Every structure is written in C-alpha cells, then in structure tokens.
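Peer 1: Need the 3D shape of this:
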Amino acid sequence: MTDPDFPSDLPAARVAVLLSEQLASADPEVRDAQGYTAIARWTREGRLDEALEWLGDSAAERLGHPEVQARSFAPLVLRCVLDRAAAVPGLLAERAVRRWYAAFTAWYPAEPDTRGWDDSLGWLHAVAHGADAATAFARALPERRTDLLHLCARRMTAPHTDYRYIQAEDARLARAMTGILLAHGLTAGQATDWLTVVTGALAGGGPGPVPPWAFNTFATLQALPLHLVRGLAEGGVPPHADQVAERVAAVLRLPSPWLA
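Peer 2: Residues are numbered from 1 along each chain as shown. Sure, this is the predicted structure:
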C-alpha cells in the first residue's frame, strides 16, 4: 500500500466529499486501502482542516447508514478528526464535538453487526473502531470519561449479538479502556464504577452454555489486566490500575473460581 498524493487541484471540501463516498463503499480496496488511508494521512497533515467539521458531521451521519461497512468505518473518521483537533487547539468548536458524541454514544452499544471480518466486505470491526473513537472522545471531552467507560461496558455486554470476538476486539476494547483510565483526576470509584454494568448483566446467568455476549465480556476482562499491569507504550500505567484489576478479578472468578 502506497501513500496517496493529495489532489492539490481540488478544494479541501471537494476532497472531503469524495473520501466520504469511498468510506461507504462495499469494496474494501476502495473503502480501506484508498479512502481511509487517504483520510487518515491528510487529516493528520492538516490538509483537510477547512473541511474538518464537515467530515465529522458526515461521519456521525453515517452511523445511521443502512450498510454495515459505512457505519463501522465512521468511528475511524471521528477519531482522525478528534486527533487533529487535539493537535491544534481551537480548530473545532466544542459544540461540534458534543454533536458527534451524542451520535456515537447512541450507535456504539446498539450496533447489531459486530463481525470483525467479512470475506466480501473485508474489515468491518465496529467494536474495535468504536473503541478507538471512545478514546479520542475521552481526550476531547474529559468530563465524559466515566460515561465512556460505562459505554464500553455496555458494548461488551450487549446481548443482541451472535458473534464471539475473534479478531482482537477484546484487546482493542481493553486498550481503549486503559487509555481512558490513564487520565488523571479520576477517583478510584470512578475508575471502577463501570463494572456495575458488567455485574448487572451477569447477574441473571445460570448453568448452561456461555452466550456470545458473556464470552465477549469475559474475553475483554481477561485482556484488561495485562493492559493495566504493563501499561500502554504511550501513557504508561493508569493511576488506579491495581484497584481496577482487583475488581476485574472478582468478576472473573465467576467463570474461573480457581483464581486466587
């Protein structure tokens, strides 16, 4: 895959429209290798600054698109836009970020198609892409950090799925939650309160096969302590890592009572 050259003969607004069309394509070469690769690079380089708010609005609108590949790539665009805004303070109005946040939080736990990969459509990865966007929103709206932890918990425990995480979705969620927990200012209670969502979802469980949503929850919780103990390459270990890990271990003793 080669880096695309920016079409300097076109205004940024026109380029943004063309990229948004590609990001809804059912062809993974057009959507991923071309559209997303271009938008990630050109947004980072500031070439699309004039169209940045429009890009965010169009991505938020695609969260309601009838086709899964269009929905699942929209959070990646939101992450790119938010990362650019973080690099250049004042570039975006906060009201725009809050507008996108409302659309994102309504979509993420409700997305019905959570497959990581499709042989025809290629990468879908709504769970992983949404996790990346959640981290970016936590940086942009720090007062929403605890809400975003709860949102990730609602995503992993969402019962309307028959898909078990097999494309590293659990690790991507664990990375996102660790990134959110890295923020200073959270109390131990705020850092662990999201686990009430998990324990509430598991409260009605009984004997029998583990449903996909419970498998996904346990897989994510198993991935999380490694991220908490080792920390992230950029950011290190969260302030309340030990308290969160201990609460997670208490939940994991449900399927694994042999844990110390």
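Peer 1: Flag the shaky bits of the chain, pLDDT-wise.
Peer 2: 1-3 (pLDDT under 70).
Peer 1: which residue is nearest the middle of it?
Peer 2: Centroid-nearest residue in the chain: A131, 1.7 Å away (criterion: Cα atoms, centre = their mean).
Peer 1: and the nearest residue to that residue once chain neighbours are set aside, what element?
Peer 2: Nearest residue to A131, sequence neighbours excluded (Cβ to Cβ, 6 or more residues apart in numbering): A176, at 3.7 Å. C-beta here means a position set from N, CA and C on the backbone, and glycine is covered the same way. Element membership of A176 [criterion: DSSP states H and E] is helix 169-181.
Peer 1: Output that helix as CSV - backbone C-alpha positions only.
Peer 2: Provided in CSV are the C-alpha atoms of helix 169-181 (Å, rounded to 0.1, in the frame of the first residue of the first chain):
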residue,chain,number,x,y,z
GLU,A,169,-11.9,-6.9,19.5
ASP,A,170,-11.3,-7.7,23.2
ALA,A,171,-7.8,-6.3,23.1
ARG,A,172,-8.9,-3.1,21.3
LEU,A,173,-11.6,-2.6,24.0
ALA,A,174,-9.0,-3.2,26.7
ARG,A,175,-6.6,-0.8,25.2
ALA,A,176,-9.3,1.9,24.9
MET,A,177,-10.4,1.5,28.5
THR,A,178,-6.9,1.6,29.7
GLY,A,179,-6.3,4.8,27.7
ILE,A,180,-9.4,6.4,29.3
LEU,A,181,-8.2,5.2,32.8
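Peer 1: Show me what secondary structure element comes after that helix.
Peer 2: Criterion used, DSSP H and E; the element after helix 169-181 is helix 188-192.
Peer 1: Which strands or helices does the helix or strand following that following helix pack on?
Peer 2: Going down the chain from helix 188-192, the next helix or strand is helix 195-202, by DSSP H and E. In terms of contacts (3 or more Cβ pairs under 8 Å, 6 or more residues apart in numbering; DSSP states H and E), helix 195-202 is packed against helix 145-157, helix 212-230, helix 241-252.
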